[in-house]
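1. What follows is a protein structure lacking sequence information:
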């Protein structure tokens with residue numbers, strides 16, 4: 001055997017051994033099937049110029065797969081079908097900006113790798129009317145109905161707007177919330193603070209942030225519940241990418257340094 005090839009194979013084997021055992025199907029195929037919905041920049045999206053899948057999750061997932069000694073195979077899946085695909089073994093992992101929520105722990109185990117905060121924002125032309133988050137009270141607030149934001153907005157309103165609660169308007173995703181905001185159909189929109197810098201760079205002078213994120217939640221890679229050795233392998237691999245600087249470099253590349261975590265957790269949501 002060629003000495004360089006032997007060294008490369010030995011290196012991959014050593015990495016896999018350190019990371020931990022992989023599911024039998026993944027180890028045999030050498031492929032990690034990862035569910036992804038490419039509509040959440042800068043985490044995952046299609047490059048408009050090339051229609052190529054790109055983003056922080058894509059870069060990190062590729063580096064993670066390489067550390068595990070396998071090849072990533074990105075499976076474009078509707079967000080609503082992801083957990084079902086994981087439970088029926090159509091994919092091995094979900095990596096698509098999915099929030100680690102307690103009510104999802106019955107369906108999957110989450111390895112948490114980012115922190116997200118729902119953020120109020122308004123049209124730039126309306127910014128003078130929103131000197132503080134208190135000015136959100138009594139307004140029409142829109143956010144994706146497929147996220148945890150509806151419940152979080154309701155909780156924030158109950159705690160901060162006793163006399164003038166917000167009126168929540170559910171939207172078909174964050175892009176729809178921004179459209180309704182631009183059209184004046186809602187007064188305030190909400191989406192994750194990890195995505196707003198990218199959006200505001202793409203649409204300059206269009207939006208204005210109001211206050212700070214009003215809560216925080218963890219974003220995790222969803223894995224099958226019963227594969228504990230796989231969970232440990234992914235944690236070990238991710239910790240390695242943190243230690244060697246890859247994780248930090250990718251946070252900087254995608255303007256996500258404020259969303260990074262210092263410690264990897266499993267099912268860290270409370």
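-> Nice, thanks for sending it over. Treat the numbers as computed from the prediction; the structure is a model and nothing was measured. Numbering: from 1, shown residues only.
2. Show me what whichever strand or helix holds residue 157 packs onto, helices and strands only.
-> Using DSSP states H and E, the element containing residue 157 is helix 149-160. With contacts taken as 3 or more CB pairs under 8 Å, 6 or more residues apart in numbering; DSSP states H and E, helix 149-160 sits against strand 118-123, strand 140-144, strand 167-171, strand 188-192. Every residue, glycine included, has its C-beta placed from N, CA and C.
3. I'd like to know the average pLDDT value across it.
-> pLDDT averaged over helix 149-160 equals 96, rounded to a whole number.
4. Relative to the whole chain's centre, how far out is it?
-> Centroid displacement of helix 149-160 relative to its chain, using CA atoms, centre = their mean, to the nearest Å, is 21 Å.
5. give the contact list for the residue nearest the centre of the chain.
-> Note on the chain: the residue nearest the mean C-alpha position is residue 97, at 1.8 Å, using CA atoms, centre = their mean. Contact analysis of residue 97 by CB atoms under 8 Å, 6 or more residues apart in numbering lists 40, 43-44, 57, 114, 116, 192, 219.
6. Closest one of these to residue 168?
-> The closest of these to residue 168 turns out to be residue 192 (CB to CB; 16.9 Å).
7. What number of residues are in the vicinity of the closest residue to the closest one other than its chain neighbours?
-> Closest residue in space to residue 192, ignoring its immediate chain neighbours: residue 116 at 4.4 Å, by CB to CB, 6 or more residues apart in numbering. The tally of other residues near residue 116 (other CB atoms under 10 Å) stands at 24.
8. what about the closest residue to residue 47 other than its chain neighbours, how many neighbours?
-> Once flanking residues are discounted, residue 47 sits nearest to residue 54: 4.9 Å by CB to CB, 6+ apart. Neighbourhood size, residue 54 [other CB under 10 Å]: 17.
9. thinking again about what came up before, to residue 205, which of the helices and strands packed on helix 149-160 lies closest?
-> Of those, nearest to residue 205 by CB to CB is strand 118-123, at 10.1 Å.
10. counting contacts, what elements does the closest one pack onto?
-> helix 149-160, helix 174-182, strand 188-192, strand 207-210.
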